[in-house]
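Novice: Got a predicted structure here, sequence first:
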Amino acid sequence: GAVVSQHPSWVICKSGTSVKIECRSLDFQATTMFWYRQFPKQSLMLMATSNEGSKATYEQGVEKDKFLINHASLTLSTLTVTSAHPEDSSFYICSARRGASYEQYFGPGTRLTVT
Amino acid sequence: DQQVKQNSPSLSVQEGRISILNCDYTNSMFDYFLWYKKYPAEGPTFLISISSIKDKNEDGRFTVFLNKSAKHLSLHIVPSQPGDSAVYFCAAIGNSGGSNYKLTFGKGTLLTVNP
(Lines give C-alpha, C1' and ligand atoms only; values in the text may rest on other atoms or scores of the structure.)
Protein backbone atom coordinates (compact mmCIF):
# COMPACT_ATOMS: atom_id res chain seq x y z
CA GLY A 1 0.00 0.00 0.00
CA ALA A 2 0.88 3.72 -0.09
CA VAL A 3 1.51 4.14 -3.79
CA VAL A 4 1.76 7.60 -5.29
CA SER A 5 1.82 8.20 -9.03
CA GLN A 6 2.77 11.21 -11.08
CA HIS A 7 1.90 12.08 -14.64
CA PRO A 8 3.64 12.77 -16.89
CA SER A 9 6.98 11.23 -15.95
CA TRP A 10 8.73 13.65 -18.29
CA VAL A 11 7.69 16.62 -20.37
CA ILE A 12 9.35 19.03 -22.76
CA CYS A 13 7.68 22.35 -23.40
CA LYS A 14 8.47 25.62 -25.09
CA SER A 15 9.26 28.76 -23.15
CA GLY A 16 6.10 30.73 -22.34
CA THR A 17 3.74 27.77 -22.26
CA SER A 18 2.13 26.17 -19.20
CA VAL A 19 2.54 22.62 -17.99
CA LYS A 20 0.33 20.64 -15.61
CA ILE A 21 1.66 17.80 -13.48
CA GLU A 22 -0.69 15.42 -11.70
CA CYS A 23 -0.06 13.63 -8.43
CA ARG A 24 -2.35 10.82 -7.32
CA SER A 25 -2.44 8.63 -4.23
CA LEU A 26 -3.58 5.31 -5.68
CA ASP A 27 -4.51 3.24 -2.64
CA PHE A 28 -5.09 5.69 0.16
CA GLN A 29 -6.61 9.05 0.90
CA ALA A 30 -4.03 11.77 1.29
CA THR A 31 -4.74 14.26 4.04
CA THR A 32 -1.91 16.44 2.84
CA MET A 33 0.11 16.55 -0.35
CA PHE A 34 3.45 18.21 -0.89
CA TRP A 35 5.34 19.44 -3.93
CA TYR A 36 9.13 19.39 -4.09
CA ARG A 37 11.73 20.41 -6.57
CA GLN A 38 15.15 18.82 -6.89
CA PHE A 39 18.11 20.41 -8.59
CA PRO A 40 21.02 18.26 -9.77
CA LYS A 41 23.11 16.92 -6.89
CA GLN A 42 20.98 18.76 -4.34
CA SER A 43 18.45 17.84 -1.75
CA LEU A 44 14.71 18.09 -2.13
CA MET A 45 13.34 21.61 -1.80
CA LEU A 46 9.79 21.89 -0.52
CA MET A 47 7.75 24.23 -2.70
CA ALA A 48 4.30 24.04 -1.14
CA THR A 49 1.93 22.09 1.05
CA SER A 50 -1.68 21.51 0.13
CA ASN A 51 -4.68 20.17 1.96
CA GLU A 52 -7.75 19.01 0.12
CA GLY A 53 -10.21 21.80 -0.50
CA SER A 54 -8.04 24.61 0.77
CA LYS A 55 -5.41 26.93 -0.64
CA ALA A 56 -1.86 25.71 -0.79
CA THR A 57 0.76 27.06 1.60
CA TYR A 58 3.85 28.12 -0.32
CA GLU A 59 7.39 28.18 1.02
CA GLN A 60 9.27 31.43 1.13
CA GLY A 61 10.64 32.38 -2.27
CA VAL A 62 8.21 30.24 -4.27
CA GLU A 63 5.98 32.28 -6.57
CA LYS A 64 2.39 31.21 -6.03
CA ASP A 65 1.23 32.80 -9.27
CA LYS A 66 3.80 30.85 -11.23
CA PHE A 67 3.36 27.49 -9.54
CA LEU A 68 -0.38 26.95 -9.24
CA ILE A 69 -1.43 24.10 -6.99
CA ASN A 70 -4.89 22.60 -6.90
CA HIS A 71 -5.89 19.87 -4.45
CA ALA A 72 -9.38 19.04 -5.62
CA SER A 73 -9.80 15.67 -3.92
CA LEU A 74 -8.21 13.45 -1.29
CA THR A 75 -6.40 11.53 -4.02
CA LEU A 76 -5.38 14.19 -6.54
CA SER A 77 -3.23 17.29 -6.50
CA THR A 78 -1.98 19.18 -9.54
CA LEU A 79 0.94 21.54 -10.04
CA THR A 80 0.76 23.91 -13.01
CA VAL A 81 3.92 25.70 -14.03
CA THR A 82 2.67 28.82 -15.79
CA SER A 83 4.60 30.71 -18.44
CA ALA A 84 7.49 28.30 -18.08
CA HIS A 85 11.06 29.46 -18.65
CA PRO A 86 14.26 27.46 -19.04
CA GLU A 87 15.18 28.11 -15.39
CA ASP A 88 12.04 26.20 -14.39
CA SER A 89 13.59 23.05 -15.86
CA SER A 90 13.91 20.65 -12.96
CA PHE A 91 12.77 17.40 -11.39
CA TYR A 92 9.43 17.90 -9.64
CA ILE A 93 8.32 15.37 -7.04
CA CYS A 94 5.10 15.13 -5.09
CA SER A 95 4.41 13.30 -1.86
CA ALA A 96 1.32 12.42 0.10
CA ARG A 97 0.69 11.89 3.77
CA ARG A 98 -1.71 9.11 4.67
CA GLY A 99 -4.27 9.70 7.40
CA ALA A 100 -2.71 10.67 10.69
CA SER A 101 0.69 9.18 9.88
CA TYR A 102 3.90 11.14 9.86
CA GLU A 103 5.36 9.32 6.87
CA GLN A 104 5.18 10.87 3.41
CA TYR A 105 5.06 8.64 0.35
CA PHE A 106 6.64 10.03 -2.76
CA GLY A 107 5.73 9.86 -6.39
CA PRO A 108 8.29 8.85 -9.02
CA GLY A 109 8.88 12.45 -10.10
CA THR A 110 8.40 14.46 -13.29
CA ARG A 111 11.32 15.73 -15.34
CA LEU A 112 10.42 19.10 -16.86
CA THR A 113 12.57 20.56 -19.62
CA VAL A 114 11.72 24.01 -20.93
CA THR A 115 13.30 24.90 -24.27
CA ASP B 1 20.85 27.37 8.00
CA GLN B 2 20.96 23.60 7.60
CA GLN B 3 18.81 22.13 10.36
CA VAL B 4 19.41 18.53 9.27
CA LYS B 5 22.96 17.65 8.36
CA GLN B 6 24.41 14.61 6.68
CA ASN B 7 28.08 15.38 6.80
CA SER B 8 29.26 12.45 4.71
CA PRO B 9 28.36 13.00 1.05
CA SER B 10 29.36 9.45 0.21
CA LEU B 11 30.09 6.07 1.80
CA SER B 12 31.53 2.93 0.25
CA VAL B 13 31.01 -0.48 1.88
CA GLN B 14 31.75 -4.09 0.98
CA GLU B 15 28.83 -6.41 0.37
CA GLY B 16 27.83 -8.29 3.52
CA ARG B 17 29.32 -5.70 5.86
CA ILE B 18 27.49 -3.08 7.89
CA SER B 19 26.62 0.34 6.44
CA ILE B 20 26.27 3.17 8.95
CA LEU B 21 24.77 6.43 7.74
CA ASN B 22 24.81 9.37 10.07
CA CYS B 23 22.61 12.40 10.52
CA ASP B 24 22.76 15.36 12.91
CA TYR B 25 20.11 17.94 13.62
CA THR B 26 20.07 21.30 15.33
CA ASN B 27 16.38 22.00 15.92
CA SER B 28 15.32 20.64 19.31
CA MET B 29 11.67 20.86 18.21
CA PHE B 30 12.15 17.93 15.82
CA ASP B 31 10.40 14.92 17.31
CA TYR B 32 10.06 12.47 14.45
CA PHE B 33 12.74 11.27 12.09
CA LEU B 34 12.64 9.35 8.83
CA TRP B 35 15.07 7.76 6.42
CA TYR B 36 14.43 7.66 2.69
CA LYS B 37 16.32 5.92 -0.10
CA LYS B 38 16.48 7.46 -3.55
CA TYR B 39 17.65 6.23 -6.92
CA PRO B 40 18.48 8.75 -9.70
CA ALA B 41 15.44 10.15 -11.52
CA GLU B 42 13.05 8.50 -9.06
CA GLY B 43 11.10 9.68 -6.04
CA PRO B 44 12.40 8.80 -2.56
CA THR B 45 11.26 5.54 -0.99
CA PHE B 46 10.38 5.50 2.70
CA LEU B 47 12.60 3.10 4.67
CA ILE B 48 12.16 3.49 8.38
CA SER B 49 11.23 6.09 10.97
CA ILE B 50 11.61 6.74 14.67
CA SER B 51 9.79 8.85 17.18
CA SER B 52 11.75 10.94 19.67
CA ILE B 53 10.30 8.89 22.53
CA LYS B 54 12.33 5.90 21.34
CA ASP B 55 16.03 5.35 20.89
CA LYS B 56 15.90 2.44 18.47
CA ASN B 57 13.64 1.07 15.78
CA GLU B 58 14.34 -2.02 13.74
CA ASP B 59 12.84 -3.34 10.52
CA GLY B 60 14.56 -6.28 8.91
CA ARG B 61 18.05 -5.28 7.81
CA PHE B 62 17.47 -1.64 8.76
CA THR B 63 17.87 -0.20 12.24
CA VAL B 64 17.67 3.45 13.19
CA PHE B 65 19.24 4.71 16.41
CA LEU B 66 18.39 8.06 17.97
CA ASN B 67 20.52 9.90 20.50
CA LYS B 68 18.44 12.88 21.54
CA SER B 69 21.02 14.42 23.86
CA ALA B 70 23.53 14.48 21.01
CA LYS B 71 20.89 15.38 18.42
CA HIS B 72 22.19 12.52 16.33
CA LEU B 73 20.65 9.60 14.52
CA SER B 74 22.08 6.82 12.44
CA LEU B 75 20.82 4.21 10.03
CA HIS B 76 22.43 0.78 10.13
CA ILE B 77 22.06 -1.63 7.22
CA VAL B 78 23.15 -5.19 7.94
CA PRO B 79 24.12 -7.01 5.82
CA SER B 80 24.66 -4.52 3.04
CA GLN B 81 23.70 -5.61 -0.46
CA PRO B 82 24.63 -4.13 -3.87
CA GLY B 83 20.96 -3.21 -4.37
CA ASP B 84 21.25 -0.90 -1.38
CA SER B 85 23.45 1.42 -3.44
CA ALA B 86 21.51 4.70 -3.59
CA VAL B 87 21.32 8.14 -1.99
CA TYR B 88 19.98 8.05 1.55
CA PHE B 89 18.18 11.08 2.95
CA CYS B 90 17.58 11.78 6.60
CA ALA B 91 14.46 13.87 7.31
CA ALA B 92 12.82 15.36 10.39
CA ILE B 93 9.41 16.64 11.44
CA GLY B 94 8.91 19.10 14.26
CA ASN B 95 6.28 20.14 16.75
CA SER B 96 4.48 16.81 16.77
CA GLY B 97 3.42 17.35 13.19
CA GLY B 98 2.83 21.06 13.39
CA SER B 99 3.23 23.07 10.19
CA ASN B 100 1.42 20.37 8.24
CA TYR B 101 4.01 17.69 8.96
CA LYS B 102 6.63 19.33 6.75
CA LEU B 103 9.78 17.30 6.25
CA THR B 104 13.16 18.95 6.61
CA PHE B 105 15.70 16.97 4.61
CA GLY B 106 19.44 16.56 4.87
CA LYS B 107 21.50 16.75 1.69
CA GLY B 108 21.86 13.00 1.40
CA THR B 109 24.63 10.41 1.50
CA LEU B 110 25.49 8.33 -1.54
CA LEU B 111 25.98 4.73 -0.43
CA THR B 112 27.87 2.39 -2.72
CA VAL B 113 27.91 -1.29 -1.82
CA ASN B 114 30.66 -3.12 -3.66
CA PRO B 115 30.21 -6.80 -4.58
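Specialist: Arrived safely, thanks for sending.

Novice: For chain B, just list every one of the strands.
Specialist: B:4-5, B:10-14, B:19-25, B:30-38, B:45-51, B:56-59, B:62-67, B:72-77, B:86-94, B:104-105, B:109-114 (DSSP state E).

Novice: between the ones you listed, which has the poorest average model confidence?
Specialist: Mean pLDDT per stretch puts strand B:104-105 lowest among these, at a mean of 90.

Novice: beta partners for whatever residue of chain A ends up closest to chain B?
Specialist: Chain B sits closest to A:Phe106 of chain A, with a gap of 3.5 Å, by C-beta to the nearest C-beta. In this view, the C-beta of every residue, glycine as well, is placed from N, C-alpha and C. Using DSSP bridges, the bridge partners assigned to A:Phe106 are A:Ser95.

Novice: got a markdown table for the strands of chain B, with mean neighbour count and distance to chain A too?
Specialist: Conversion of the strands of chain B to a markdown table gives the following (neighbours: other C-beta atoms under 10 Å in any protein chain shown; distance: least, C-beta to the nearest C-beta, whole Å):
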| stretch | mean neighbour count | distance to chain A |
| --- | --- | --- |
| strand B:4-5 | 20 | 9 |
| strand B:10-14 | 14 | 11 |
| strand B:19-25 | 21 | 12 |
| strand B:30-38 | 22 | 5 |
| strand B:45-51 | 17 | 5 |
| strand B:56-59 | 12 | 12 |
| strand B:62-67 | 18 | 13 |
| strand B:72-77 | 20 | 15 |
| strand B:86-94 | 23 | 6 |
| strand B:104-105 | 20 | 5 |
| strand B:109-114 | 17 | 10 |
